[in-house]
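[1] Sequence and predicted structure are below.
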Amino acid sequence: MTVIGPSLVSIALSLGSTLADVGWIMAIYATGSLIAQPIAGRLSDARGRRNVFLGALVVFMAGSFVCATATSLGLLIAGRVVQSLGAGAIQPAAIALVGQRVPKERQSGALYALYGMFALAGALGAVLGGVIIDGGKALGSAPFMSSALRTELTIFPWHLIFWINIPIALAALWLGLRLPGDAPPAGATIGLDGGPIVLIPAVALCLMMAANGAASSAFAYLAAALAALALLAWWETRARQAFFAPSLFTRQGPLLLYAIAVLTGIPIFGITMYAAAYYMTQFKASAAAAGIALLALAVPLGGGQGVGGRLTKRIGARSLLIAGLVVLVAGEAALAGLQSLGGVLSGFALAGFGIGLASAPPNALLLRYVDEARSGAATGLLTMLSSTGAITAPAAVSAFLHFSGGPPAAGFRSAYLLSLVLAIAALPLALLLPPSDVR
């Protein structure tokens, strides 16, 4: 997700494309992951968590291979589609595996560890991306390189970013094969009728087009997304075997968690995706300086997950979610209202710590609220709703940058003000969550 960022300029130059065109490889990845998450969750309920997890790794490797050999933008985008479908399926299957393999009293700690690795990988990705690109170019000029490899590393150094995914995924596949096999519940069926298979991608694609298309068509795409969502809800109420169990929307706990996921999508993805750009525009800083400043976000984020993992047995997942949202609100308030270096860095630190605290509790609570037989579908839906921020945050930030009428930094602060409002709106919903013995 993040390792690709530093390579965008190199990709554009090597393929003769603009940065705007290359930006689609980011958007299509987020959209493909969004589509795969609920479908993979439902598949894991019916065909086994481990089977879906291993299958997702294979699909991810296939997409990585296509990207690693792509010499045109169209082929690269096609590879990113395949890659994203595998990547999107990995997370809900992994979370469902935690719910199945780990005793309930240890699930919160396990999820904090899982999200801690996810956050660490995200923080390291951008750094590694730059190292791989510069290292590939330097290696291409080495005298011992063959002419074919020299040409490859000089023109397409970003291919290395995708090649490196394959041995990593193979290692994960080997570890996954060591897990004991899991049999799905007797009589379990997939229940993948045509409605969700068509309508879930329709919603995601319309959101992507609204976020990345022309401003004049954004409202039309948003209206189409809402229409497809309403049609999906209508379809599910009439399906003989609903893709999403009705209990996921009629019970207070899951419904509140899904609403919180939607509301916090823009605050979380807005800060993580645009922190460097805001820092650079606010302080006229270089990319290297912004990378160093991002440690103020990444280190507290990891610290919040570490603290949450230690405290979860003492105060419970619900209390940690509330605490994380409170700290996130404080961070967004600092970013929206303070323009000094100290104010911005404190905003990064508070927001990062809040995100770290609030990352694992929603899934830990959801695993308690729903039956194990539907945990895959439930966590897949939660992951999908949380990930909508990866599409809606760029749209919101772009809108504020376009219509603010001032310098870019002012547009970012307006986006943080919206994030503040949404984070505040999520707080009372967290307070209404039913008591749980998740520890």
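    In hand now; what should we look at?
[2] switch to C-alpha atoms for all contacts and neighbour counts from now on
    Will do.
[3] Quick one: the strands in the stretch 1-150 of the chain, in order.
    Along the stretch 1-150 of the chain, no segments are classed as strands by DSSP state E, counting those that start in this stretch.
[4] Scan this structure for its longest helix.
    Of all the elements of type helix in the chain, the one with the most residues (DSSP state H) is helix 107-140.
[5] Quick one: mean pLDDT over the helix or strand containing V326.
    According to DSSP states H and E, V326 maps onto helix 317-337. Mean per-residue pLDDT for helix 317-337: 93.
[6] Using neighbour counts, pick out the buried residues of it.
    Buried residues in helix 317-337, counted by 16 or more other Cα atoms under 10 Å: 317-336.
[7] Let me know the next secondary structure element after it.
    Downstream of helix 317-337, the first helix or strand assigned by DSSP H and E is helix 341-358.
[8] got the angle between that following helix and helix 107-140?
    For helix 341-358 against helix 107-140, the angle by axes from the mean of the first three to the mean of the last three Cα atoms, to 10 degrees is 120 degrees.
[9] list the helices and strands helix 341-358 packs on?
    Counting contacts by 3 or more Cα pairs under 8 Å, 6 or more residues apart in numbering; DSSP states H and E, helix 341-358 packs against helix 252-283, helix 295-315, helix 317-337.
[10] chain center to that helix, what's the gap?
    Distance, stretch centre to chain centre, for helix 341-358: 19 Å (Cα atoms, centre = their mean, to the nearest Å).
[11] what's in contact with that helix?
    Helix 341-358 is contacted from outside by 268, 271, 275, 279, 283, 293-294, 296-305, 307-308, 320-335, 338, using Cα atoms under 8 Å, 6 or more residues apart in numbering.
[12] before we move on, what about stretch 370-380?
    37-45, 49, 92-93, 95-96, 99-100, 185, 243-245, 248, 254, 363, 366-367.
[13] mind running it again at 7 Å?
    Stretch 370-380 is contacted from outside by 37-38, 40-42, 44-45, 92-93, 96, 244, 248, 363, 367, using Cα atoms under 7 Å, 6 or more residues apart in numbering.
[14] mind listing which of those residues are in helices?
    Using DSSP H, these in helices are 37-38, 40-42, 44-45, 92-93, 96, 248, 363, 367.
[15] Pick out whichever of those residues sits closest to I200.
    P38 (8.7 Å; Cα to Cα).
[16] Quick check: the closest one touching M384?
    Yes: under the criterion of Cα atoms under 7 Å, P38 makes contact with M384 at 6.4 Å.
[17] Between these two, tell me which one has more neighbours.
    Neighbours per residue, other Cα atoms under 10 Å: of P38 and M384, the larger number sits with P38, 29 against 25.
[18] Quick one: mean pLDDT over stretch 375-395.
    77.
[19] ok, now stretch 151-165?
    85.
[20] contact partners of that stretch?
    So stretch 151-165 is contacted by 7, 10-11, 14, 64-65, 67-69, 129, 132-133, 136-137, 140 (Cα under 7 Å, 6+ apart).
[21] do that again at 6 Å, thanks
    14, 64, 68, 133, 136-137, 140 (Cα atoms under 6 Å, 6 or more residues apart in numbering).
[22] One more: stretch 75-94?
    25, 29, 32-33, 36-37, 40-41, 49, 53, 56, 59-60, 63-64, 66-67, 70, 379-380.
[23] about what we covered before: which one of the contacts of stretch 370-380 is nearest to A425?
    N363 (19.8 Å).
[24] how many neighbours does the nearest residue to R310 once chain neighbours are set aside have?
    Computed as Cα to Cα, 6 or more residues apart in numbering, the closest residue to R310 that is not its neighbour in sequence is G109, at 7.4 Å. Neighbour count for G109, taken as other Cα under 10 Å: 25.
[25] looking at the helices and strands packed on helix 341-358, which is buried most?
    Neighbour counts (mean count of other Cα atoms under 10 Å) averaged over each of the helices and strands packed on helix 341-358 peak at helix 317-337, with a mean of 24.
[26] what's the offset of it from the middle of its chain?
    So, by Cα atoms, centre = their mean, the centroid of helix 317-337 is 19 Å from its chain's centroid.
[27] what's the answer for stretch 223-230, then?
    Taking mean C-alpha positions (Cα atoms, centre = their mean), stretch 223-230 and its chain are 22 Å apart.
[28] and what of stretch 93-104?
    On Cα atoms, centre = their mean, the centre of stretch 93-104 falls 19 Å from the chain's centre.
[29] Buried ones in that stretch, by neighbour count?
    93-100, 104.
[30] give me the low-pLDDT residue ranges for the stretch 201-350 of the chain?
    Scanning the stretch 201-350 of the chain for pLDDT under 70 picks out 211-216, 240-247, 287-288, 291.
[31] Does T379 lie in a helix or a strand, and which?
    Assigned by DSSP H and E, T379 falls in helix 375-387.
[32] Just the angle for that helix relative to helix 252-283, thanks.
    Interaxial angle, helix 375-387 versus helix 252-283 (the same axes, to 10 degrees): 30 degrees.
[33] Next secondary structure after helix 375-387?
    helix 389-403.
[34] Give the other helices and strands that that next one contacts.
    Packed against helix 389-403 by the contact rule (3 or more Cα pairs under 6 Å, 6 or more residues apart in numbering; DSSP states H and E) you find helix 252-283, helix 408-431.
[35] Could the C-alpha coordinates of it be exported in PDB?
    C-alpha atoms of helix 389-403 as PDB (Å, rounded to 0.1, in the frame of the first residue of the first chain):
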ATOM      1  CA  GLY A 389     -11.900   6.200   3.900                       C
ATOM      2  CA  ALA A 390      -9.100   5.200   1.500                       C
ATOM      3  CA  ILE A 391     -11.400   6.400  -1.300                       C
ATOM      4  CA  THR A 392     -13.400   9.100   0.400                       C
ATOM      5  CA  ALA A 393     -10.500  10.900   2.100                       C
ATOM      6  CA  PRO A 394      -8.700  11.800  -1.200                       C
ATOM      7  CA  ALA A 395     -12.000  13.100  -2.500                       C
ATOM      8  CA  ALA A 396     -12.600  15.200   0.600                       C
ATOM      9  CA  VAL A 397      -9.100  16.600   0.600                       C
ATOM     10  CA  SER A 398      -9.100  17.300  -3.100                       C
ATOM     11  CA  ALA A 399     -12.400  19.200  -2.700                       C
ATOM     12  CA  PHE A 400     -11.000  21.400   0.000                       C
ATOM     13  CA  LEU A 401      -7.800  22.000  -1.800                       C
ATOM     14  CA  HIS A 402      -9.800  23.100  -4.900                       C
ATOM     15  CA  PHE A 403     -12.400  25.200  -3.300                       C
END
